[in-house]
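Engineer: Sequence and predicted structure, then a few things I'm wondering about:
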Amino acid sequence: MTVSFDVRIDDGRITAVWMLGSFLLVFLVTRVITRLIRAGRGPFRDTSVGGVHVHHLVYGIALMLLAGAGEFIYRPDGAWRTVLAVAFGAGAALALDEFALWLRLADVYWSDEGRISVDAVLMVAVVGTLLVLGANPFGTTGEDGALGVAISIVVTTGAAVTAAFKGKFVTAVVGILLPPIALLGALRLARPGSPWARRRYTPGSRRDLRARARYPDGARNPWDRVVDLVGGVARKP
């Protein structure tokens, strides 16, 4: 299981950089503005039409639809291709910043449940960065042959799926592009309450006790601290 990167610069890579840059910038600006609105500071206010609060994900979906239609219909090159990439990245940031609303069909932006929006954005940012850097999802090249490619796909996908069942979703997503991370997540203890732990760790067994000691209730990890910093909502213990 190896990690390979393609560092060649081409038009597609440059377009991806514009898209990712737009995504990150718009997300950060959006979070700053929403914090100012919440604090009642600055000129920014929530938008309402006919008494209905218009969430910024609406603008994000519209931008993505327009950018996607423009790309598929006109297939532009040069500056217009960059414009569409920037528009799509901005729209994705606005939409994913309220991912929790998609999932729960409720305005949970500033609640503990709303943290999943930041999780989603950060995972997209990590995966997007790895793709811009030319990460090979399965660590193979054309010289490996069909069998080598097939084995790499099966092992990497299996490790990522196992990590997800163990309650390590960030590890699973990132592990698709960095297979050693997926393998590490698959080999380590499952989180208590995860599908893997419920099916394979008998309550009170040695593995169950080790898992609960490794992941105690209310424990915080580096990812939680990043989400707290970016999202502005601390996880409830």
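Structural biologist: Now that the structure is in, tell me what you want to look at. Numbering: from 1, shown residues only.
Engineer: can you pull the buried residues of the host helix or strand of Ile14?
Structural biologist: Using DSSP states H and E, Ile14 sits within helix 11-39. Within helix 11-39, the residues that count as buried by 16 or more other C-beta atoms under 10 Å are 15-20, 22-24, 26-27, 30-31, 34. Glycine gets a C-beta too; all of them are placed from N, C-alpha and C.
Engineer: now these in JSON lines, with pLDDT?
Structural biologist: As requested, those are exported to JSON lines (pLDDT from 0 to 100):
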{"residue": "Thr15", "pLDDT": "92"}
{"residue": "Ala16", "pLDDT": "91"}
{"residue": "Val17", "pLDDT": "94"}
{"residue": "Trp18", "pLDDT": "95"}
{"residue": "Met19", "pLDDT": "96"}
{"residue": "Leu20", "pLDDT": "95"}
{"residue": "Ser22", "pLDDT": "97"}
{"residue": "Phe23", "pLDDT": "97"}
{"residue": "Leu24", "pLDDT": "96"}
{"residue": "Val26", "pLDDT": "97"}
{"residue": "Phe27", "pLDDT": "96"}
{"residue": "Thr30", "pLDDT": "96"}
{"residue": "Arg31", "pLDDT": "94"}
{"residue": "Thr34", "pLDDT": "93"}
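Engineer: Using PDB, write out every CA atom in the helix or strand harbouring Leu209.
Structural biologist: Leu209 belongs to helix 206-214 when assigned by DSSP H and E. C-alpha atoms of helix 206-214 as PDB (Å, rounded to 0.1, in the frame of the first residue of the first chain):
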ATOM      1  CA  ARG A 206     -11.600  -6.700  27.200                       C
ATOM      2  CA  ARG A 207     -12.000  -5.000  23.800                       C
ATOM      3  CA  ASP A 208     -15.000  -3.100  24.900                       C
ATOM      4  CA  LEU A 209     -13.200  -1.800  28.000                       C
ATOM      5  CA  ARG A 210     -10.200  -0.900  26.000                       C
ATOM      6  CA  ALA A 211     -12.300   1.000  23.500                       C
ATOM      7  CA  ARG A 212     -14.100   2.900  26.200                       C
ATOM      8  CA  ALA A 213     -10.800   3.800  27.800                       C
ATOM      9  CA  ARG A 214      -9.300   4.900  24.500                       C
END
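Engineer: quick one: it to chain centroid distance?
Structural biologist: Centroid separation for helix 206-214 versus its chain: 28 Å, with C-alpha atoms, centre = their mean, to the nearest Å.
Engineer: again with stretch 200-218
Structural biologist: 27 Å.
Engineer: One more: stretch 191-199?
Structural biologist: 22 Å.
Engineer: Buried residues in it, which are they?
Structural biologist: Applying 16+ other C-beta under 10 Å to stretch 191-199 flags 191-192, 194, 196-197 as buried.
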